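Asker: sequence unknown, structure follows:
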């Protein structure tokens, strides 16, 4: 019964899909088996069903503007972005921008936290949208298949930082650089401006987060007033800047210090893009 | 006269199959006994076996096992070790008969058996949240914290591995198939797919790989060829979400919240109302997909059954409806 219900729901939602969007979805370079899923579990039917809602948030709610999306090269590449906003909407918006605005449309595979597969519904939805657990093996194999990968090297350090440290990049992991060198994949720096203000976070409640088995637990400023609803993002204006691809060469198993220089180069590029992006905007909601 | 039998022996290699009387053993016999002289070893009876198949109905730990080696000098041992059907209240270690396996492998060494094929399972990698999407053969065997019984299987596989590394002159092949299903096998995954209302975990829909039983027979036959040595994952025609398999079979799944599922299943298992150990539930939550590129490259393994055929195979009639004769053809 549940299956029947969800398929009728899917049909209903898909009927409202605008033909242009449908054409973009059908142009996505994914290889599907006879059951309509790809090797990694991506199911375009699920994306189709949720796309109208996602597009509403992308175009109307956050009014996303992209700059330099043409910088994303064809074939394998790593999108390296700043992570912000307490809930990972930035990842979804970057993926949507490449689906809605890139020519030809691309599928973005983001490397998600290992916590995600333990969550009901979220694990299912993320997997059907082509999101993959961020293990080095997965990343390597996806790059070999000429896929576009989204990595937030700050991880939870970035997304759950308090409001006072907004737009300050946290420490970067080195994993992405090793993978880029091994696969000879270009790195596209991405800066997301605006998402920091979607939820104003006072502090990361670490002990409680650990108790609940969560990677972090934000304490939004509106929590005493709104309770759990304070995790609802404010309708901020979000701008996504895609920088020119960076090409690195070297051995993936190099010493940490040599690798760190390359990582810092990416980090500084994104930091610069962030401060440039902040100058452009007139306010949080414009 | 004597020379004739010797000539026959040269044409037909002697293969000792341990665990022959199970459903998969019977199926393997049908695929094996035309090209090989099959000797079976099992505690269980194998009544309707083909006439040219010898059966020793005994425990591998018994002294008499050595007589089989001394008398027949088998050129290969096929051990269907981890192919088991979970039974409530039975000790999995005893079911597995690890010490029986140890004994058989010792005898292989003493009687210089050149080929050993050991059937393990991909479950030894264990379904986990942080698994890479495709597990290769060199992945550490971590099992699953939610399924401690798997540790027995891991121990068996590790023992097989140490035998593989310690004795490079023996062509040891370890096969780790994904969930094996088919008309005949009666293991946990195939029994699960036969349920009209299979329980699922609410909000979880892992990707699943199924291997058709006949494809696994093919893999064993390929592993028996001379010159082949190694550890190989055996996956089927592909992977797909569990929900799609159940929809294809027109099942009506019963969603259960994941936190309630384990205590519930533990009670059902304890009371003997369910055929599935509570640990099996972890397969409905996390994925454990394997990469079988190595088997395709080295063994030349190609699944003959596509996804649809493999899924529907659980609904087909097994041996009970067919006689062995037509099956052997």
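Answerer: Looks like it came in fine. Predicted, not measured: the structure shown is a model, and the values here were computed from it.
Asker: Now for the residue of the stretch 51-200 of chain A found nearest chain B: which residues touch it?
Answerer: For the stretch 51-200 of chain A and chain B, the shortest gap (C-beta to the nearest C-beta) falls at residue A:120, measuring 2.6 Å. Yep, even glycine has a C-beta here, placed from its N, CA and C like the rest. Residue A:120 makes contacts with B:201, B:202, B:203, B:204, B:257, B:258, as judged by C-beta atoms under 8 Å, 6 or more residues apart in numbering or on different chains.
Asker: what are the phi and psi angles of the residue nearest to it when sequence neighbours are not counted?
Answerer: Sequence neighbours aside, residue B:203 is the residue nearest to residue A:120 in space, at 2.6 Å (criterion: C-beta to C-beta, 6 or more residues apart in numbering or on different chains). Residue B:203 adopts backbone torsions of phi 90, psi 0, taken as degrees, to the nearest 10.
Asker: burial count for residue B:263?
Answerer: Neighbour count of residue B:263, defined by other C-beta atoms under 10 Å in any protein chain shown: 10.
Asker: sec struct for it, please.
Answerer: Classification of residue B:263 by DSSP: H, G, I helix; E, B strand; the rest coil places it in helix.
Asker: do the same with the one 4 residues further on
Answerer: In terms of secondary structure, residue B:267 is helix; the call rests on three-state DSSP.
Asker: how near is it to chain A?
Answerer: Applying C-beta to the nearest C-beta, to the nearest Å, the value for residue B:267 to chain A is 22 Å.
Asker: repeat for residue B:261
Answerer: Residue B:261 is 11 Å from chain A, by C-beta to the nearest C-beta.
Asker: Contacts only, for that residue.
Answerer: Contacts of residue B:261 (C-beta under 8 Å, 6+ apart): B:199, B:201, B:281.
Asker: So which of those residues would count as near chain A as well?
Answerer: residue B:201 (C-beta under 8 Å from any C-beta of the partner chain).
Asker: Out of the contacts of residue A:120, the closest to residue A:35 would be?
Answerer: Lowest distance from residue A:35 to the contacts of residue A:120 (C-beta to C-beta) belongs to residue B:204, with 17.9 Å.
Asker: Kindly reformat the contacts of residue A:120 as a markdown table containing secondary structure, pLDDT and neighbour count.
Answerer: A markdown table is the format used below for the contacts of residue A:120 (DSSP: H, G, I helix; E, B strand; the rest coil; pLDDT from 0 to 100; neighbours: other C-beta atoms under 10 Å in any protein chain shown):
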| residue | secondary structure | pLDDT | neighbour count |
| --- | --- | --- | --- |
| B:201 | strand | 96 | 24 |
| B:202 | coil | 95 | 18 |
| B:203 | coil | 94 | 16 |
| B:204 | coil | 96 | 25 |
| B:257 | coil | 94 | 11 |
| B:258 | helix | 91 | 19 |
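Asker: Pick out the most distant pair among the residues you listed.
Answerer: The span of those, defined through C-beta to C-beta, is set by B:204 and B:257 at 10.1 Å.
Asker: Give me the pLDDT value at residue 5.
Answerer: In the absence of a named chain, chain A is used. In this model, residue A:5 is scored at 59, pLDDT.
Asker: I was thinking of chain B, sorry if that wasn't clear
Answerer: Looking at residue B:5, its pLDDT reads 45.
Asker: Would you map the strands across chain A?
Answerer: Counting by DSSP state E, chain A has these strands, from start to end: A:65-67, A:77-81, A:108-112, A:132-133, A:148-151, A:187-193, A:201-204, A:218-220, A:239-242.
Asker: Okay, buried residues for the first one please.
Answerer: Using 16 or more other C-beta atoms under 10 Å in any protein chain shown as the test for burial, strand A:65-67 gives A:65, A:66, A:67.
Asker: Near chain B, which residues of chain A? Just list them.
Answerer: Applying C-beta under 8 Å from any C-beta, one finds that chain A approaches chain B through A:1-3, A:33-37, A:39-41, A:43, A:114-124, A:127-128, A:132-133, A:135, A:137-138, A:141.
Asker: Buried ones among those residues?
Answerer: Buried, going by 16+ other C-beta under 10 Å: A:35, A:37, A:39-41, A:43, A:115-120, A:123-124, A:127-128, A:132-133, A:135, A:137-138, A:141, out of the residues of chain A next to chain B.
Asker: Sitting in helices, which of these do you find?
Answerer: Under the assignment DSSP state H, these contribute A:123, A:124, A:127, A:128, A:137, A:138, A:141 to helices.
Asker: so which of the residues you listed comes closest to residue A:171?
Answerer: Of those, the one sitting nearest to residue A:171 (C-beta to C-beta) turns out to be residue A:138, at 22.5 Å.
Asker: can you tell me which residues contact the closest residue to chain A within the stretch 201-329 of chain B?
Answerer: Going by C-beta to the nearest C-beta, chain A is nearest to residue B:203 of the stretch 201-329 of chain B, at 2.6 Å. Counting by C-beta under 8 Å, 6+ apart, residue B:203 makes contact with A:119, A:120, A:121, A:122, A:123, A:124, B:258.
Asker: Closest one to residue B:307 out of those residues, please.
Answerer: Distances from residue B:307 to the contacts of residue B:203, taken as C-beta to C-beta, are shortest for residue A:124 (19.9 Å).
Asker: residues touching residue A:168, list them.
Answerer: Contact analysis of residue A:168 by C-beta under 8 Å, 6+ apart lists residue A:161.
Asker: Please report the distance of it from residue A:154.
Answerer: 10 Å (C-beta to C-beta, to the nearest Å).
Asker: intersection of neighbour lists for those two?
Answerer: Residues touching both residue A:168 and residue A:154 by C-beta under 8 Å, 6+ apart: none at all.
Asker: Confirm residue B:232 sits in a strand?
Answerer: Yes - counting by three-state DSSP, residue B:232 is part of a strand.
Asker: so what's it bridging to?
Answerer: In this entry, residue B:232 is beta-bridged to residue B:175, by DSSP bridges.
Asker: dump the residue contacts of it.
Answerer: B:137, B:173-176, B:219, B:223, B:292, B:294-295, B:298-299, B:301.
Asker: Can you tell me which residue is spatially central in chain A?
Answerer: In chain A, the C-alpha nearest the mean C-alpha coordinate belongs to residue A:91, at 1.6 Å (C-alpha atoms, centre = their mean).
Asker: count of neighbours near the closest residue to that one other than its chain neighbours?
Answerer: Leaving aside its sequence neighbours, residue A:91 sits nearest to residue A:110 (C-beta to C-beta, 6+ apart; 4.8 Å). For residue A:110, the neighbour count with other C-beta under 10 Å is 24.
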